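**Q** I would like the atomic coordinates for the input below:
(chains A, B, C and D)
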Number of protein chains: 2
Amino acid sequence: MGQNDQRHRNKNKIPMVVIKRLPLYHRYLSLLASRDINRISSAELAAKVGITPSQLRQDLSWFGSFGQQGYGYRVQELLGEISKIIGIDQAVPVVLVGAGHLGKAIANYQNFERKGFVIKAIFDNNPGLIGLVVNGLKIRNITGLKHYIQQEKIEMGIITVPAEVAQQITDEMVAAGIKGILNFAPISLNVPSDVTVEHVHIGDSLMVLKYMINHSKIKEEE
Amino acid sequence: MGQNDQRHRNKNKIPMVVIKRLPLYHRYLSLLASRDINRISSAELAAKVGITPSQLRQDLSWFGSFGQQGYGYRVQELLGEISKIIGIDQAVPVVLVGAGHLGKAIANYQNFERKGFVIKAIFDNNPGLIGLVVNGLKIRNITGLKHYIQQEKIEMGIITVPAEVAQQITDEMVAAGIKGILNFAPISLNVPSDVTVEHVHIGDSLMVLKYMINHSKIKEEE
DNA sequence: TAGATTGTTAATCGATTAACAATC
DNA sequence: TAGATTGTTAATCGATTAACAATC
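**A** Predicted coordinates for the structure are as follows:
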């Protein structure tokens, strides 16, 4: 922070590769914070996440200056800044649609809260599931989805419904004001251009893994 | 294919970005094949996957020449070649460890087989789960894991156990001969250098999504 | 102060795109 | 054959790394 925040490169062209490294930094900084470490240099942090110190400093410089010459970074402060950049400095409310095995697994996934996300409601259309409680949340009737999203002004949703109904659910969510969807259904979702979809392709990860097994470590990554 | 396979660039440095696009090509080619489309040009396929024709042809050229001037690519043939490159031309056997909600969700995920992977066995340590049948597979006692992997010469495993036991399970799997692990447990796994781990970070996807919502589409991707 | 380490500019490296001769 | 489209080489663009002056 300081007197020179305005000379940074045009924020409208921050590269996607940089954005994708933010969660990585967040993860390691959280780890350090949980161990009550309160100071770290770019060299140390970079070593931990497996990149060069230059890249770490270069990445951060897209957003501002958060360190101090001769000292390094204050862990809590940098973690806070990165959280702000990502937009998780305030807990982000999320709806989960689909309370099958995958939905339940996600609802029970404790880590979300630590990452800044809170599942506020779970929806399903199965009468056998509606009313059941998962991780303290009663499964709601899907008929109330739209109203809930509007009422609570939720912007993010996670879809774990079968592929056949995923597009329909998406349309409802979008109509209600959802701006980002994490999609687990194995189908491409059509959304307007102001809505972002991240598709979780587990098959892709398996394929990359299989390739790497066969060709034993082509090039480092992650 | 043909008379000039040997002039390709050193296969030992195929860039990771290229490998990561292979599943994308595989997915769209599968789609085309399922629609009985049997011819496609690099221009058409590239448009579908959202890249330039140059990039598609450049990517493929790392592995060989699979097209025909003036014609394009035979969908089935190219799909087959890409499957071979990834290593999924023969069904790849996989073990799944952890039969909780996430494990069950994955075991029921029909898409795996279409992607070239077959879950051959599911393991858990919970007596209440052992013996239950999920998607036609009886949940086995975790005590038999090592023996099964060795016996069946399985190279890939999916871990959906709680974080507390993930490392221990990993060690067992590695000792039994597993070469690649898809890890869903929120913990970094230590493995020898000849074993590859792909970590599924759902939190990362949510963070990138949240950033993109706030900054409404920085740069295209996926 | 002297030593350490940042933020940034410049140099390098790698990936993407353009262009086109080869050829089906 | 004429038209289309590949595979590849060369040009461009972007991302990573190196280097260092600024400064805590």
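**Q** what about stretch A:114-121, average pLDDT?
**A** Averaging pLDDT along stretch A:114-121 gives 97.
**Q** Just checking it against chain B, any contact.
**A** Yes. Counting by CB under 8 Å from any CB of the partner chain, chain B is contacted by stretch A:114-121 at A:115-117. For every residue, glycine as well, the C-beta is placed using N, CA and C.
**Q** Output that stretch as CSV, restricted to C-alpha atoms.
**A** The C-alpha atoms that make up stretch A:114-121 are tabulated as CSV, following Å, rounded to 0.1, in the frame of the first residue of the first chain:
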residue,chain,number,x,y,z
ARG,A,114,-12.1,-21.3,5.6
LYS,A,115,-11.8,-20.3,2.0
GLY,A,116,-14.4,-17.6,2.4
PHE,A,117,-17.5,-19.2,1.1
VAL,A,118,-20.7,-20.2,3.0
ILE,A,119,-23.4,-22.5,1.7
LYS,A,120,-26.5,-20.7,2.7
ALA,A,121,-29.1,-23.1,1.3
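**Q** Closest one of the residues of stretch A:114-121 next to chain B to B:Val18?
**A** Using CB to CB, A:Lys115 is the member of the residues of stretch A:114-121 next to chain B that lies nearest B:Val18, at 30.3 Å.
**Q** Do I have it right that that closest one meets B:Leu206?
**A** Yes. Between A:Lys115 and B:Leu206 a contact is recorded at 6.8 Å, counting by CB atoms under 8 Å.
**Q** Moving along the chain from the helix or strand of chain A with the lowest mean pLDDT, name the first helix or strand you hit.
**A** Here the helix or strand of chain A ranked lowest by mean pLDDT, DSSP states H and E is helix A:111-114, holding a mean of 91. Once helix A:111-114 ends, the next helix or strand along the chain (criterion: DSSP states H and E) is strand A:117-124.
**Q** Mind splitting chain A into its structural domains?
**A** Per the record, chain A has its domains at A:5-86, A:92-203, by automatic domain parsing.
**Q** among those, which is nearest B:Glu198?
**A** Of all the domains of chain A, domain A:92-203 sits nearest to B:Glu198, with 9.7 Å by CB to CB.
**Q** For that closest one, what is the distance to the chain centroid?
**A** Relative to its chain's centre, domain A:92-203 lies at 14 Å (CA atoms, centre = their mean, to the nearest Å).
**Q** residue boundaries of the strands in chain A?
**A** For chain A, the strands defined by DSSP state E occupy A:39-40, A:73-74, A:92-97, A:117-124, A:133-134, A:137-141, A:156-159, A:180-183, A:196-199.
**Q** Now distance to B:Gln68 and mean neighbour count too, for the ones you listed, in a markdown table please.
**A** Shown next, in a markdown table, are those (distance: least, CB to CB, whole Å; neighbours: other CB atoms under 10 Å in any protein chain shown):
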| stretch | distance to B:Gln68 | mean neighbour count |
| --- | --- | --- |
| strand A:39-40 | 56 | 16 |
| strand A:73-74 | 56 | 20 |
| strand A:92-97 | 46 | 23 |
| strand A:117-124 | 49 | 21 |
| strand A:133-134 | 54 | 14 |
| strand A:137-141 | 54 | 16 |
| strand A:156-159 | 40 | 26 |
| strand A:180-183 | 36 | 24 |
| strand A:196-199 | 32 | 19 |
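**Q** Tell me if I'm right that A:Val191 and A:Thr170 touch.
**A** Yes. The pair A:Val191 and A:Thr170 passes the contact test of CB under 8 Å, sitting 6.4 Å apart.
**Q** rewinding a little: how about JSON lines for the residues of stretch A:114-121 next to chain B, with distance to DNA strand C added?
**A** Rendered in JSON lines, the data for these read as follows (distance: CB to the nearest atom of the strand, whole Å):
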{"residue": "A:Lys115", "distance to DNA strand C": "24"}
{"residue": "A:Gly116", "distance to DNA strand C": "23"}
{"residue": "A:Phe117", "distance to DNA strand C": "28"}
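**Q** interface residues of chain A facing DNA strand C?
**A** A:4, A:7-8, A:41-43, A:53-54, A:57-58, A:60-61, A:65-73 (CB under 7 Å from any atom of the strand).
**Q** For burial, what's the neighbour tally of A:Gly87?
**A** Neighbour count for A:Gly87, taken as other CB atoms under 10 Å in any protein chain shown: 18.
**Q** So which residues make contact with stretch A:204-216?
**A** A:218, B:14, B:19-20, B:22-24, B:26-27, B:85-88, B:92, B:94, B:112, B:115-117, B:155-156, B:179-182, B:194, B:196, B:198, B:200 (CB atoms under 8 Å, 6 or more residues apart in numbering or on different chains).
**Q** touching chain B at all, stretch A:32-50?
**A** No. Stretch A:32-50 lies out of reach of chain B by CB under 8 Å from any CB, never closer than 10.4 Å.
**Q** now what about that stretch, what contacts it?
**A** By CB under 8 Å, 6+ apart, stretch A:32-50 touches A:21, A:24-25, A:28-29, A:52-53, A:55-57, A:67, A:71-76, A:78-79, A:220, A:222.
**Q** ok, 10 Å please
**A** A:21, A:24-25, A:27-29, A:31, A:51-60, A:67-68, A:70-80, A:114, A:220-222 (CB atoms under 10 Å, 6 or more residues apart in numbering or on different chains).
**Q** Please export the C-alpha coordinates of that stretch as CSV.
**A** The C-alpha coordinates for stretch A:32-50 follow below in CSV (Å, rounded to 0.1, in the frame of the first residue of the first chain):
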residue,chain,number,x,y,z
LEU,A,32,1.5,-19.9,7.5
ALA,A,33,-1.0,-17.8,9.4
SER,A,34,-2.4,-20.9,11.1
ARG,A,35,1.1,-21.7,12.3
ASP,A,36,1.4,-18.2,13.7
ILE,A,37,4.2,-17.2,11.3
ASN,A,38,3.9,-13.6,10.7
ARG,A,39,6.6,-12.6,8.4
ILE,A,40,7.7,-14.1,5.0
SER,A,41,9.9,-13.0,2.2
SER,A,42,9.0,-13.5,-1.5
ALA,A,43,11.9,-16.0,-1.7
GLU,A,44,10.5,-18.2,1.0
LEU,A,45,6.9,-18.0,-0.1
ALA,A,46,7.8,-18.6,-3.7
ALA,A,47,9.8,-21.7,-2.7
LYS,A,48,6.8,-23.0,-0.9
VAL,A,49,4.4,-22.6,-3.8
GLY,A,50,7.0,-23.8,-6.3
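**Q** tell me which residues of that stretch are tucked away?
**A** Applying a neighbour-count criterion of 16 or more other CB atoms under 10 Å in any protein chain shown, one finds A:32, A:40, A:42, A:44-46, A:48 buried in stretch A:32-50.
**Q** how about that stretch, does it get close to DNA strand D?
**A** No. Contact between stretch A:32-50 and DNA strand D is absent, the nearest approach being 8.5 Å (criterion: CB under 7 Å from any atom of the strand).
**Q** No further queries at this time; thank you.
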